[in-house]
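> dropping a prediction and its sequence here:
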2 protein chains.
Amino acid sequence: MEDLWASLDRTQGVGRGIEHILRRAIRAGTLGLDAVLPSSRALAHELGVARGTVSAAYEQLAAEGYLTIRQGAPVRVGWTPGRNTPSAAPRAPDRPRFDLRPGLPSGSSFPRTLWARASRLVLAHAPDEAFGYGDPQGQLPLRTALAGYLARARGVEAGPDDVLVCGGFTQALRLACQVLVARGGRTVVVEDPCSERYPALIESAGLRVASVRCDRDGLCVDELPPADAVLVTPAHQYPLGVSLSPARRSALVAWARATGALIVEDDYDGEFRYDRQPVGALQQLDPDRVLYTGTASKTLAPGLRLGWLSLPTSLRRELIEAKENVDRSAGVLDQLTLAALLDSGGFDRHVRRMRVTYRKRRAALLRTLGGLDVRIEGIAAGLHALVHLPQGGPTERDVLDRAVARGMALGGLSDYLRKPAEEQAIIVGYGTPPEHAYRPAMAELAKVLSL
Amino acid sequence: MEDLWASLDRTQGVGRGIEHILRRAIRAGTLGLDAVLPSSRALAHELGVARGTVSAAYEQLAAEGYLTIRQGAPVRVGWTPGRNTPSAAPRAPDRPRFDLRPGLPSGSSFPRTLWARASRLVLAHAPDEAFGYGDPQGQLPLRTALAGYLARARGVEAGPDDVLVCGGFTQALRLACQVLVARGGRTVVVEDPCSERYPALIESAGLRVASVRCDRDGLCVDELPPADAVLVTPAHQYPLGVSLSPARRSALVAWARATGALIVEDDYDGEFRYDRQPVGALQQLDPDRVLYTGTASKTLAPGLRLGWLSLPTSLRRELIEAKENVDRSAGVLDQLTLAALLDSGGFDRHVRRMRVTYRKRRAALLRTLGGLDVRIEGIAAGLHALVHLPQGGPTERDVLDRAVARGMALGGLSDYLRKPAEEQAIIVGYGTPPEHAYRPAMAELAKVLSL
């Protein structure tokens, strides 16, 4: 036992030091189940501390289940790691040296200090009620801040009462699907190509998925089959990178009005447009027909799991009720922190900074591809670009294999297509690499594409 | 315009001050849509600052959508509050002077400083990957810490790979229901009485609800009808306050084994037992048959929306997939913060402190009720007590009405009963009032009950 105390750290208080050493020894199995500990008097004497200090440490560990204290009996170890020992962390799957897959923002750019400061203020000043069950629709300060932000930045027509805060786009889509199912809906149309996750998400909610192709003007609206809803990415088609043309926007809304279908607008990266002011949300053309969804996943971090949707009047009650039934509300502290960032202008400043970063990265990508026999499709926006490969040249599969061999991960168009096509194209996500790795990644990409 | 600048606050930097004043004026409508702003040169001269400072402020506001900047044209206001003005916060519903409804912990006891400190460490030290999409099952550091904690504190048999982190108990139940439905399940049994929310939650997932009465030994297991699952509160029946007897525990597990049904264990307040070590989780009797659910809602705060469940081997894959389909994962930052609190012992210390607080409150409640003609049911545990009213005395309705008239909110047993009963009882939640208001609340309760 004596050796155990050699590492006693007295800087945090001796009591804490004792707890720490015993906890570690019990977890490690050094002190096995039922091992007898010295009496508090004996240990206090040995360490030269007050007996109460040792007793309090023992009591804390008993409360945690590590020790068993019984009147008139020695203190014993009451827990053993056994099969519940935290196993060693599983090895992370081999990460590519250069990760240029689409869909992720730069993890290294999360505004840690900004978020920490806002979060500290929230924790210091939030009323006690904020820690109780939150409003299922979302915290009012966040809904208010979001309504203002969405009006300014995306032209969304929604007051604080028309916004619902949810767990990212995935949950927004899930809630919309649940409400459609409850109303007897059967079919949702997705764009072809689209995110490879969406069809499975829709099907998991009990709906059938149909798809309609996209061309350079976005979704081919006049090919829409009868459906209960259509899921679109009007600002920046994913992954083609085109935007839905003005004529198609009107036609889509007209179709929805004529058929009674719902439009779900996935505005996943609408904040990032580099050549002009972003095109406003489709939602403003008909707030009662278009369910707008936005997310903090691209502007801040996917790990926050914060998203929002606009509530069409006719679905308002059902969507809020659905949210309440799946998890009662989004986490309150993160909501209030985001509200504080929106109110202070810190969010806008961060987005502006990231816009500059991503614009430069896109420009560097274009320079890299400039001398090669490839064609970039889509507008100057977002965090990815679609790169068409020349006819008769290497196939998508060739390029992806060559990339993997060089430690690089890319996206391939065929993973996003619902119906196979002749077109050979890769998708380059320029958001993910940390800043210092971006230039080397471009040099490597040039090699992958120029063979 | 001149007056606008009188309030310019130069302490945060003149540029921020300019932004702040303009943002406020535009939001308030003082500067209307299309209003022309002074040139950056003119304003810089007027305020005695560098022209670049003003330009940068204008650019920030343009990025936020408040201003429109066009080459060769004056800077104009580009946004108007219109219908998107954040409306005044709706008036909070009248809160009772004394809130003794069950189901909430003390909001004033949330360990703000502890949480803030852990959160700051997480933000400072988390790897960049932590901000990306998280593991649908939950962050490994939290699952590891939870597995250890649940083994120690609740006797749960689950390693880090057998735990799933979710959005509170509500989402745990939702996920379980979804998986049951996908397997063709139809019926879930609830305890009678039970939380008034649960039957609706189960039905909203597409399942039928049956119920079985509880007596002083908890759920009457031998009255269970055929069912796909049963939802129980073995440690502390809600709201009766009894615990499931050892014989009934064995019988329940035997029933589940014999019928193939799933047991969902709702361990909502298992940390709070005042007279002895808490009874361990039912789950340890058969980890493959019992889906254990726990929550931070009572130990920390409901607003965190953090809960967890144990994964029976046969449902493991489906439950994780269901979580991924509803919202991809719980918020990563809150998960890592809770993991840090568990690892440092801060969580256990907080729970121990709250156990003392609630034990004292329960004792004060017993003293208050001691001289009255009522009978308390249930074990010394949790955050509420069931108080039976004497036969022939005032009814539950009488007491609740009398309480409301005195500005006090209480629970009534009939709200929790599935089948009407003769029994007249109220439920007193002693978690909610802030510390300073508890003694007056007890005095008032005595008046309400002694008339």
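Looks like it arrived, so ask away.

> from now on I want contacts and neighbour counts done on CA atoms only, so please keep to that.
Will do.

> chain B contacts on the stretch 101-250 of chain A?
Listed as neighbours of chain B in the stretch 101-250 of chain A under the rule C-alpha under 8 Å from any C-alpha of the partner chain: A:104-105, A:107-108, A:110, A:112-113, A:116, A:119-120, A:123-124, A:128-134, A:140, A:144-145, A:147-149, A:151-153, A:157-160, A:167-171, A:174, A:201, A:204.

> for A:Lys156, the count of nearby residues, please.
Let me fix one detail, which is that residue A:156 is Val and not Lys. Per other C-alpha atoms under 10 Å in any protein chain shown, the neighbour tally for A:Val156 reads 23.

> likewise for A:Val181?
A:Val181 has 16 nearby residues by other C-alpha under 10 Å.

> pLDDT value on it, please?
pLDDT recorded at A:Val181 is 97.

> name the SS class of it, please.
Classification of A:Val181 using DSSP: H, G, I helix; E, B strand; the rest coil returns helix.

> got the contact list for it?
The contact partners of A:Val181, taken as C-alpha atoms under 8 Å, 6 or more residues apart in numbering or on different chains, are A:Ala205, A:Gly206, A:Leu207.

> just read off the phi/psi values of A:Gly241.
In terms of degrees, to the nearest 10, the main-chain angles of A:Gly241 are phi 90, psi 0.

> and the helix or strand A:Val387 falls within, what's its mean pLDDT?
Per DSSP states H and E: A:Val387 is located in strand A:384-388. The average pLDDT within strand A:384-388 is 97.

> show me what it is packed against.
strand A:375-377, strand A:425-429 (3 or more C-alpha pairs under 8 Å, 6 or more residues apart in numbering or on different chains; DSSP states H and E).

> does the last one come close to chain B?
Which is strand A:425-429. No - shown here: strand A:425-429 not in contact with chain B (C-alpha under 8 Å from any C-alpha), separated by at least 14.2 Å.

> hang on, the earlier thing: out of the helices and strands packed on strand A:384-388, which gets the lowest mean score?
strand A:375-377 (a mean of 93).

> what residues does that one touch?
The set of residues external to strand A:375-377 that reach it, using C-alpha under 8 Å, 6+ apart, is A:Leu240, A:Gly241, A:Val242, A:Ala385, A:Leu386, A:Val387, A:His388, A:Leu389, A:Pro390.

> centre of the chain to it, how far?
28 Å (C-alpha atoms, centre = their mean, to the nearest Å).

> ok, back up a step: out of the contacts of A:Val181, who's nearest chain B?
Set against chain B, the nearest of the contacts of A:Val181 by C-alpha to the nearest C-alpha is A:Ala205 (8.4 Å).

> need the contact list for the closest one.
For A:Ala205, the contacting residues are A:Arg174, A:Cys177, A:Gln178, A:Val181, by C-alpha under 8 Å, 6+ apart.

> quick check: the last one vs A:Arg359, distance?
To tie it back to what came earlier, the one meant is A:Val181. 41 Å (C-alpha to C-alpha, to the nearest Å).

> for the strand ranked longest in chain A, which strands pair with it and how are they oriented?
Scanning chain A for the strand with the most residues, using DSSP state E, yields strand A:208-215. Strand pairing for strand A:208-215, using DSSP bridges, gives strand A:187-192 (parallel), strand A:218-219 (antiparallel).

> how about A:Tyr238, nearest residue that isn't a chain neighbour?
Of all residues not flanking A:Tyr238 in the chain, A:Cys194 sits nearest, at 5.6 Å (C-alpha to C-alpha, 6 or more residues apart in numbering or on different chains).

> go ahead and confirm that neighbour touches A:Tyr416.
Yes - with contact defined as C-alpha atoms under 8 Å, A:Cys194 reaches A:Tyr416; the gap is 5.3 Å.

> find the residues that touch each one of the two.
By C-alpha under 8 Å, 6+ apart, A:Cys194 and A:Tyr416 have these common neighbours: A:Pro239.

> burial measure for the nearest residue to A:Pro105 once chain neighbours are set aside, as a count.
The shortest distance from A:Pro105 to any residue other than its chain neighbours is 4.6 Å, reached at A:Gly431 (C-alpha to C-alpha, 6+ apart). Using other C-alpha under 10 Å, A:Gly431 is surrounded by 28 other residues.

> hmm, A:Gly431 is touching A:Ala381, no?
No - applying C-alpha under 8 Å as the test, A:Gly431 and A:Ala381 come out as separate, 11.6 Å apart.

> out of the helices and strands packed on strand A:384-388, deepest packed?
strand A:425-429 (a mean of 24; mean count of other C-alpha atoms under 10 Å in any protein chain shown).

> after that strand, next one along is what?
Next element after strand A:425-429 (DSSP H and E): helix A:435-450.

> next, the angle from that next one to strand A:425-429.
170 degrees (axes from the mean of the first three to the mean of the last three C-alpha atoms, to 10 degrees).

> flag every buried residue along helix A:435-450.
Neighbour counts over helix A:435-450 (16 or more other C-alpha atoms under 10 Å in any protein chain shown) mark A:Tyr438, A:Arg439, A:Ala441, A:Met442, A:Glu444, A:Leu445, A:Ala446, A:Val448, A:Leu449 as buried.
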